[in-house]
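> This is the structure alone, sequence omitted:
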């Protein structure tokens, strides 16, 4: 066991919330159950347009504050959106380190204790593995292993990460299974116009220097369901792709950058075409990071045709050609 920490810094566990009271209760309970004593739990509410939903969450949070001195609660005057709500938690946090989880996620009891135990003088981020669970909170073992392998965590060893930027481009470090220095999060922040701002933030953090540490243990549970970011699919990734494509990288990092951008583009272009946004789809298809050759070229041809035709016809033709080519019309969102 790596016993790097010589003190017990205050850790803020931040939980943004909007509409999922049932899940929120599970997230808060997991934070309250931490074996690491020096924590504060900060719940930040974006107010829901439905007054009953808004009031139910507020009443629950106010009751928590009165019963647990570790809990703080803030509510915004209006719905700021998820990225701004995360930023507001970082701004209000009093902890030296910060762990952020969705209101639909859960921490394992030893999460904070294990991550704090890894902290050294140069550490900016500690991250671990995470379980994937379904809407009902049941762990999905096969999906968990697939995610760990797909994000490059399966091949990492415990301790200092040799190339943090490679990990960041692989999306190996993800928000709800990370402990980050609060000052660094505040400095870089989530870009509030991006749907997956954590992707960019971890890349920028890695490029800024400092030590990334990995724990192969599974210390959190990420809920995969229809209303989660992963479950919703590709929402407004055009700006994220544009931003990431413009970042210069070393030859060692370049393959990982290409892989991430290709994966984002498939889903983003498909979404554009299904919604009739042929202009945005055409710009993405012409991006130099869009894959060519082999099966990818067939996909590119189908997508290009969809972008050059008039909007209604282009969207309809795209769906029809995809179904004809791959024989699985229901998988248009996976292109």
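Received the coordinates, thanks. As the structure is a prediction and not an experimental result, all values here were calculated from the model. Numbering: from 1, shown residues only.
> Neighbours of residue 208, how many?
13 (other CB atoms under 10 Å). (Glycine included, C-beta is placed from N, CA and C.)
> That one is in contact with residue 188, isn't it?
Yes - between residue 208 and residue 188 a contact is recorded at 7.4 Å, counting by CB atoms under 8 Å.
> Endpoints of stretch 14-24, how far apart?
The first and last residues of stretch 14-24 sit 12 Å apart, counting by CA to CA, to the nearest Å.
> and it, how far from the chain's centre?
Centroid separation for stretch 14-24 versus its chain: 16 Å, with CA atoms, centre = their mean, to the nearest Å.
> Please enumerate residues in contact with that stretch?
Contact with stretch 14-24 is made by 27-28, 31, 41-46, 48, 50, 53, 56-57, 60, 79, 82, 85-86, 89-90, 93, 98-104, 223, 227, as judged by CB atoms under 8 Å, 6 or more residues apart in numbering.
> quick one: which of those residues sit in helices?
27-28, 31, 53, 56-57, 60, 82, 85-86, 89-90 (DSSP state H).
> What is the nearest of those residues to residue 169?
residue 86 (21.0 Å; CB to CB).
> and residue 198, what is it in contact with?
Contacts for residue 198 (CB under 8 Å, 6+ apart) come out as 174-175, 190.
> That one belongs to a helix, doesn't it?
Yes - per DSSP: H, G, I helix; E, B strand; the rest coil, residue 198 lies within a helix segment.
> I'd like the distance between it and residue 281.
Distance, residue 198 to residue 281, by CB to CB, to the nearest Å: 25 Å.
> likewise residue 75?
For residue 75, the distance to residue 281 - CB to CB - is 39 Å.
> Which of those two has more residues huddled nearby?
Higher neighbour count among residue 75 and residue 281: residue 281, with 27 against 15, using other CB under 10 Å.
> Is that one in contact with residue 265, as I believe?
No - with contacts counted by CB under 8 Å, residue 281 stays clear of residue 265, the gap being 10.1 Å.
> which stretches of the protein have low pLDDT?
The model of the chain has pLDDT under 70 over residues 1-6, 228-236, 274, 276-278, 291-306, 308, 311-312, 314-315, 317-335.
> Recalculate using a threshold of 90.
1-7, 193-196, 210, 225-239, 242, 262-335 (pLDDT under 90).
> in the stretch 151-300 of the chain, which spans are helices?
Counting by DSSP state H, counting those that start in this stretch, the stretch 151-300 of the chain has helices at residues 164-170, 182-188, 197-207, 229-232, 238-245, 254-274, 278-285, 294-308.
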